[in-house]
Structure formats: structure tokens, C-alpha cells
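# Provide a 3D model corresponding to the input given below.
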Amino acid sequence: MEDKKTLIDSLTLPLEDFNMILKIYKVHDDDFTFLRECYEAMIESYLIIGEYSDRIYVEKLNQYTFIGYLIRDFYYRVQDLTREQIEVAKENEDFILILMNTVLDKYSSLTNFSYNNKAIYTSVDTPITSLNVYANFILNKLDLFKKQDPSRTLIIDMLSKAFVLCKTITTLLVNGFETEALTTWRTLHETEATLILLIRHGLPLIEAYLRHMRYGAAYNLLYDKETTDKIFVEIKTKLKDHNLKSKDIKRFIEYGWLYEIKKLPENYEVKLNFRDGIQKIAGLEQYSNTYQRASEVTHSSPLLFYSRRDFFGRLTIVNLYEAFLRIEEIFYNFYVSVIESKEKETYELLRKVYLSELHNILKQERKLMKK
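Down below sits the predicted model:
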């Protein structure tokens, strides 16, 4: 009995430290005592759970996560209640039991019995960490700029989303979701191809792209009726100008901005799709087969269910690196054009180190994919 009490005492966080965590989570002062009582009762219950499973190491209890689950679950359950109603709930035994048991289940399951998909890559593998550290660096730089104002910040917004997608792909890979990572690369590839065209052809194409964004908003009924009707009159006129039918309206809205590209071979027929339109004009048609694979996976073909995970893992990381390096070049050209010369010198020194590392990793991953 004494040993059990000693273990409980050793697992229980001192009140001062416990309250510090609650302050970090900005817990209401009136809830401190209630949460402490729940926490102490849950410590005892967790110890009992540990006695029945050799996969639970009670001594390794992550206090911050354990308490975090309790706080988040409690406030999620009372989010629509008044302060008076919350006080009533805190006296309700059923409410307390459900809260504590749910949190114990979540912590026990997600910490000790978390599903492991036996990933090809782990969070500490060099291809993952090297790309993530540079993506973090760039995203922090992009955060210095104004965003979410398409008429002014379209390129910044697209760059930010591209690098977020890069990090999303690495997160999926380290969790063993290789096919899902490849489908996210598909989105990254589409973003990259669009970025290439907008940067290459400048303001006239950007304005066309923004105009088609408005068309898309009208098509999805995001404007009032008067504005929507006015935009549809404009769309119908444009369709007629390009000898398109009413059935082509959706393709025109999505890809019609390509018609504004002036520097195309004579008699070049613009295709209103991604693979034969955006991808080809951007000069990325060498990724057509990979894009097709990703599309098949996206649409739940047998490839999704019976794919070779190691192949798709390597395929994704190689294509991710290639896209990342091209998008980084776009970011670099933008960034050095708006910073002071001293900061530019510092950045270029860091960039040289990062890029050398990334190119070496890409070379190695290409070799591994061929094995």
C-alpha cells in the first residue's frame, strides 16, 4: 500500500507546477480546483490501468500532454455553457466520470497504443529534417509580409501555401501515409506550375488569374445576385469570344486565364485542363506520368489499395525535393529583390549551405528509388 502511495506521489505534479500549466493554457481561475481534483483522481486510475498492461509505462507519464488533454476536453464540453451552467456541470458526477474516462482513454490509446504504420521515413531521417528546417526558415521569412489580399499578395500567398504543402507531405510520410503524401504532392505540383506561369508572364496574367478567381466565386454563388448576374454576362461573352459552349463554362473558369498568355508558339492551341494546359505550358510535362499516378490514387483506384509503399515513399520524396528546389528559386528571386544588401549577403550564405545539402539528398534519394 505504501509503495502504491509513493508511486502516486511521484507521478503527481506539484501544485505550483500544475497551476503553471493551467496558466499557460489560460484556464479560468474558477476551474483550477476542479481540474486539480480530476487530475489527482486520474493519476490513481492511470496507475491501475498500468497494472493490467505491460505496454503502459506509468513512470513515463507526459504531464504536459496528460493535463493538456484534460483541459482541452473539459472546455470543449462546456464551450456553449454559461459560467453558472459550468459550475453546475462540475458538480455532476456523470459529467465528471465521462470527462475523466474519456481523457484517460485518449491518453492511454494515443500515447501507448498509437497506430504505427511502419513508415518508410521517420521524423529524424535526414531527407525529412533537412527539408523541414529550410521550409521553416522560408515560411518565417514569408510571415513578415502582408497576406490574404489577392489583388496585392497573390504570389506571396501561393508561395506560403506551397511551402506549407511541402511540410504537409513530410508529415504524411513520417506517419506512413505514402500514397496520401503523393496526392498532396499533386496539389503542390499544380501550385508550382501555376506559380511558374504567373511569374514568367507577369502582371497581365496575374490580373487574368484574379479575374478567373472572381468567376469561380460567382460560379459558387459567393456574391449577391446582382453581382453574380453581372459576372455571368461577362463569362458568357468570353465563352463566345473563344468559341466555347455553355458546357465548357467550368473548364473556362478554372483554366481560361491561360488564353491571356501571349508568348506561345504561333497557332498554339490552349487546352483547358492541367496536364495538356498548365503543366505543358509551364514546361513540367516530364511529371505527367507521376501526376497521372497521383490522380489515380486520389480517385481510389486499385493503385491506392495495393501500392508498393516503399516505391511511393521514394517517388514522393524525390518529386517533393525537385518541386521544393524550383519553388525555392522563385522565393529567392522575390526575396532578394525586397531586402537590403546586408541582409541579402547573410541570406545567400545560409542558402548556399541549405541548397548544397538538399541537392546531395536528392541525388541519394534518386539512387535509392532506382534500386
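
# what about the longest helix in the chain?
For the chain, the longest helix by residue count, based on DSSP state H, is helix 178-219.

# looking just at contacts, which helices and strands does that helix meet?
helix 150-174, helix 225-241, helix 249-255, helix 279-281, helix 288-298, helix 309-336 (3 or more C-beta pairs under 8 Å, 6 or more residues apart in numbering; DSSP states H and E). For the C-beta atoms, the positions are set from N, CA and C on the backbone; glycine is no exception.

# could the ones you listed go into CSV alongside mean neighbour count?
Below are the helices and strands packed on helix 178-219 laid out as CSV (neighbours: other C-beta atoms under 10 Å):
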stretch, mean neighbour count
helix 150-174, 19
helix 225-241, 13
helix 249-255, 18
helix 279-281, 21
helix 288-298, 17
helix 309-336, 20
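
# okay, now Arg83: neighbour count?
In terms of burial, Arg83 registers 10 neighbours under the definition other C-beta atoms under 10 Å.

# can you tell me the closest non-neighbouring residue to it?
Distances taken as C-beta to C-beta, 6 or more residues apart in numbering place Asp30 nearest to Arg83, at 7.4 Å, with adjacent residues excluded.

# before we move on, back to that, quick one: mean pLDDT for the longest helix of the chain?
Over the span of helix 178-219, the pLDDT mean works out to 96.

# looking at stretch 334-343 now, give me its mean pLDDT.
Predicted confidence along stretch 334-343 averages 88 (mean pLDDT).

# name the residues that touch that stretch?
When contacts are defined by C-beta atoms under 8 Å, 6 or more residues apart in numbering, stretch 334-343 is touched by residues Lys141, Ile155, Leu159, Lys344, Tyr347, Glu348.

# isn't the third one right next to Leu142, touching?
Yes: between Leu159 and Leu142 a contact is recorded at 6.1 Å, counting by C-beta atoms under 8 Å.

# joint contacts of these two?
Common contact partners of Leu159 and Leu142 (C-beta under 8 Å, 6+ apart): Phe331.

# tell me how far the residue minimising distance to the centre of the chain lies from Ile71.
Here the mean C-alpha position of the chain is nearest to the C-alpha of Thr168 (C-alpha atoms, centre = their mean), at a distance of 4.1 Å. Thr168 is 27 Å from Ile71, where distance means C-beta to C-beta, to the nearest Å.

# what do you get for Glu269?
In this structure, Glu269 lies at 60 Å from Ile71, with C-beta to C-beta as the measure.

# what does Met20 give?
Between Met20 and Ile71 the distance is 13 Å, computed by C-beta to C-beta.

# which of the two has more residues huddled nearby?
The residue with more neighbours, out of Met20 and Ile71 and counting by other C-beta under 10 Å, is Ile71; that gives 20 against 11.

# assign that one to helix, strand or coil.
Under DSSP: H, G, I helix; E, B strand; the rest coil, Ile71 falls in the helix class.

# pLDDT at it, what is it?
Note on Ile71: pLDDT of 97.

# that one: what's it in contact with?
Ile71 makes contact with Leu22, Tyr25, Val27, Leu35 under the criterion C-beta under 8 Å, 6+ apart.

# so what's the nearest residue to Met158 once chain neighbours are set aside up against?
For Met158, the nearest residue in space outside its immediate sequence neighbours is Leu195; the separation is 5.4 Å by C-beta to C-beta, 6+ apart. Leu195 is in contact with Ile155, Met158, Leu159, Ala162, Ile327, Ile330, counting by C-beta under 8 Å, 6+ apart.

# ok, the residues you listed vs Met213, which is closest?
Closest approach to Met213 among the contacts of Leu195 (C-beta to C-beta): Met158, at 11.7 Å.

# would you agree that closest one is in contact with Thr191?
Yes: with the criterion set as C-beta under 8 Å, Met158 and Thr191 qualify as a contacting pair; they are 6.2 Å apart.

# so what does Lys147 have for phi and psi?
Per-residue torsions, Lys147: phi -140, psi 170 (degrees, to the nearest 10).

# give the contact list for it.
Under the criterion of C-beta under 8 Å, 6+ apart, the contact list for Lys147 reads Thr153, Ile156, Asp157, Ser160.

# also Gly313?
With the criterion set at C-beta under 8 Å, 6+ apart, Gly313 makes contact with Ala119, Ile120, Tyr121, Leu173, Glu178, Ala181.

# for these, which one is nearest Leu13?
When the contacts of Gly313 are ranked by distance to Leu13 (C-beta to C-beta), Ala119 comes first, at 32.5 Å.

# that closest one: what secondary structure?
Using three-state DSSP as the criterion, the local structure at Ala119 reads coil.

# which residues are contacting the helix or strand harbouring Lys23?
Here Lys23 is covered by helix 15-24, with elements defined by DSSP states H and E. If you take C-beta under 8 Å, 6+ apart as the criterion, helix 15-24 is touched by Leu13, Asp31, Phe32, Leu35, Arg36, Tyr39, Gln63, Tyr64, Ile67, Gly68, Ile71.

# if we go to 7 Å?
Phe32, Leu35, Arg36, Tyr39, Tyr64, Ile67, Ile71 (C-beta atoms under 7 Å, 6 or more residues apart in numbering).

# mind checking how far that helix is from the chain centre?
31 Å (C-alpha atoms, centre = their mean, to the nearest Å).

# following the chain onward from that helix, which element is next?
Once the chain leaves helix 15-24, the following helix or strand, as judged by DSSP H and E, is helix 32-51.

# that older thread, ok, the residue nearest to Met158 to Ile206 distance?
The spacing between Leu195 and Ile206, counted by C-beta to C-beta, is 11 Å.

# quick one: end-to-end distance for stretch 295-308.
Taking C-alpha to C-alpha, to the nearest Å, the first and last residues of stretch 295-308 lie 16 Å apart.

# need the residues that contact that stretch.
When contacts are defined by C-beta under 7 Å, 6+ apart, stretch 295-308 is touched by residues Thr179, Leu182, Thr183, Arg186, Arg293.
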